[in-house]
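Chemist: give me a model of this one.
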Amino acid sequence: MRSLHVGVRWTLRVAFLLIAGWMALAPARSFAQTETTGPMNVPPAPATQNPETQRLPGAPDKPKDQRTIVNGRPYQRPTPKEQFDYYMKDTYGLPALARTSVRVAIAQGRDKPEQWGQDWPGFGQRFGSSSAVTVIDGNVRYALGTLLKEDLRYIPCHGCSKKRKIENALLAEITARHDSDGHRFFTLTPTITDMAGPLVANSIWVPGHTTIDGFVGSRLIFATRIGSHLFTEFVWERRHHDPKLPD
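Modeler: Have a look, this model is predicted:
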């Protein structure tokens, strides 16, 4: 009987200590919760000094998803509709026609392939083949960009130095933009897409050519696309008269 009383007394003591401890810690937990979920007066972090993503001087505040500046302009990840519109313009619009025409003129002047000759029928065959290559490249680019969630649009470098404009034009063929901040990362997607059309064309309908010729012919695709980037940087975008960005 005595052991029963002793057990009850120790049980009550332990219970009393647990209740007292819980009451003592309750205010601390409440304060910690307030500190975590309440507003915090923490000064904003300083803006990045990366010249590619810096904010323009005196630019107004943007919503959180639009504050990143890429190449001198606010960046916002494209919607599926914007991606499709860019695909249509880049594959079937004036930029595509310009790149196709340059490649046709070079092939016509070099008489490549020789089986087509240098008369008007030969010119028509080269133009049809080059147009098909442009369409294949564009479709592969759009499909891979959508599948891998890569932003493959070309973003001109507004207000940049000549050196940075050239770097931007060259890097566009081995990089893409990613996430909501539009940071640049290395990817093989542009390289694969620029090779897709020449590989198909030289393997199927170009007379006397093989897959190896497709790899070699893809050099002209790279050259014309980089050339179009340089035209955009140094000719087309000059009309904006953007303020010069620091390097």
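Chemist: just for the chain, where's the confidence low?
Modeler: 1-67, 247 (pLDDT under 70).
Chemist: rerun at 90
Modeler: For the chain, applying pLDDT under 90 flags the ranges 1-69, 71-73, 159, 180, 236-247.
Chemist: and the residue nearest to residue 188 when sequence neighbours are not counted, how many neighbours?
Modeler: Leaving aside its chain neighbours, residue 188 sits nearest to residue 174 (7.7 Å; criterion: Cβ to Cβ, 6 or more residues apart in numbering). The C-beta positions use only the backbone N, C-alpha and C, and glycine is treated the same way. If you count neighbours by other Cβ atoms under 10 Å, residue 174 ends up with 13.
Chemist: and the helices in the chain?
Modeler: Shown for the chain, the helices assigned by DSSP state H span residues 2-37, 80-92, 94-110, 120-148, 162-171, 189-204, 211-234.
Chemist: surely the residue nearest to residue 188 touches residue 189?
Modeler: No - look at residue 174 against residue 189 with Cβ atoms under 8 Å: they stay out of range, at 9.3 Å.
Chemist: which stretch among the helices of the chain comes nearest residue 69?
Modeler: The closest of the helices of the chain to residue 69 is helix 162-171. By Cβ to Cβ, the value is 13.9 Å.
Chemist: against residue 213, how distant is the nearest residue to residue 186 once chain neighbours are set aside?
Modeler: In space, and not counting its chain neighbours, residue 186 is closest to residue 175: 5.7 Å by Cβ to Cβ, 6+ apart. According to Cβ to Cβ, to the nearest Å, residue 175 stands 28 Å off from residue 213.
Chemist: where's the most centrally placed residue in the chain relative to residue 69, distance?
Modeler: The residue lying closest to the centre of the chain (Cα atoms, centre = their mean) is residue 177, at 1.9 Å. Distance from residue 177 to residue 69, counting by Cβ to Cβ: 13 Å.
Chemist: identify the contacts common to these two.
Modeler: residue 75 (Cβ atoms under 8 Å, 6 or more residues apart in numbering).
Chemist: what is the burial count for residue 187?
Modeler: Neighbours around residue 187, by other Cβ under 10 Å: 18.
Chemist: next: residue 210.
Modeler: Counted with other Cβ under 10 Å, residue 210 comes out at 12.
Chemist: how near is it to residue 108?
Modeler: Here residue 210 is placed at a distance of 22 Å from residue 108 (Cβ to Cβ).
Chemist: quick one: residues contacting the closest residue in space to residue 95 that isn't next to it in sequence.
Modeler: The shortest distance from residue 95 to any non-neighbouring residue, by Cβ to Cβ, 6+ apart, is to residue 228 (6.0 Å). Listed by Cβ under 8 Å, 6+ apart, the contact set of residue 228 reads 95, 98, 99.
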